[in-house]
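**Student:** would you be able to build a 3D model of this:
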Amino acid sequence: MNETIIEFDSKKRLKLIVFGIVFTVATLTFAYYIFFVAQRIDITFGTLMFMMGCLGCYGLVSGTRSMFDKDRTGLILNADGIHFKGTPLGKAIGLIKWTAVQSVSEGVAHRVPFVSLKLRNPEDHIQNLSSQLQQFVVSNGIAVTADQLSVDFNELKNLITDYHQRYRQ
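**Tutor:** Next up, the predicted model:
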């Protein structure tokens, strides 16, 4: 149990891309209706739908890029620490040593379960983050989810807990 590498799940990422396609088509259809079909043009709602369509396109492009990325590693657990690449926050912080993790707990946000890593001295890891993200990490810790990984949540929680108990000294 020296190192465990968990890759991203292509099926879960494909679902996100399909959702992005549906979201983009729906919002751009509403924008088209508001600007070209409706009797009265409402600039506010039309602009909002157009902007949401652009956001959907951005999500679609970034999701497609991540789908074909050569680095499929989503989570690395080893004797040194944990490195979660599933969120921009996890990528920015990088490797977190087990000695820096104060506690491991679980929580639920928006019906998505996650493992929270509370840090002993979060200031050591968050210098290059924005002030809002720094406050978030100080108060909540680092969230690790299984929503893009090729393992289920219970297995993820057990792996992180086992590694933390074994290597925290």
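
**Student:** which residue, other than its chain neighbours, is closest to Leu60?
**Tutor:** Once flanking residues are discounted, Leu60 sits nearest to Gly20: 4.1 Å by Cβ to Cβ, 6 or more residues apart in numbering. Where you see a C-beta, it was placed from the backbone N, CA and C, and this is true even at glycine.

**Student:** the one you found - that's part of a helix, no?
**Tutor:** Yes. Judged by DSSP: H, G, I helix; E, B strand; the rest coil, Gly20 forms part of a helix.

**Student:** run a quick neighbour tally on the residue nearest to Met67 when sequence neighbours are not counted.
**Tutor:** Using Cβ to Cβ, 6+ apart and skipping the chain neighbours, the partner closest in space to Met67 is Arg13 (5.2 Å). Residues near Arg13, counting by other Cβ atoms under 10 Å, number 17.

**Student:** so Arg13 sits in a strand?
**Tutor:** No. Counting by three-state DSSP, Arg13 is not found in a strand; it is helix.

**Student:** go ahead and confirm it touches Ser66.
**Tutor:** Yes. In this structure Arg13 lies within contact range of Ser66 using Cβ atoms under 8 Å: 6.6 Å.

**Student:** please enumerate the helices of this structure.
**Tutor:** Applying DSSP state H to the chain gives helices spanning 10-32, 43-67, 88-93, 131-140, 153-167.

**Student:** and stretch 50-68, what's buried?
**Tutor:** Using 16 or more other Cβ atoms under 10 Å as the test for burial, stretch 50-68 gives Phe50, Met52, Gly53, Gly56, Cys57, Gly59, Leu60, Gly63.

**Student:** ok, stretch 102-111 next?
**Tutor:** Neighbour counts over stretch 102-111 (16+ other Cβ under 10 Å) mark Val104 as buried.

**Student:** tally of neighbours for the residue lying closest to Phe45 once chain neighbours are set aside?
**Tutor:** Excluding the flanking residues, the one nearest Phe45 by Cβ to Cβ, 6+ apart is Ile34, at 5.5 Å. When neighbours are defined as other Cβ under 10 Å, Ile34 has 20 of them.

**Student:** quick one, what contacts Ile34?
**Tutor:** Applying Cβ atoms under 8 Å, 6 or more residues apart in numbering to Ile34 gives the contacts Ile41, Asp42, Phe45, Gly46, Met49.

**Student:** nearest residue to the first one in space, ignoring adjacent ones along the chain?
**Tutor:** Read that as Ile41. In space, and not counting its chain neighbours, Ile41 is closest to Phe35: 6.2 Å by Cβ to Cβ, 6+ apart.

**Student:** brilliant, that's me finished.
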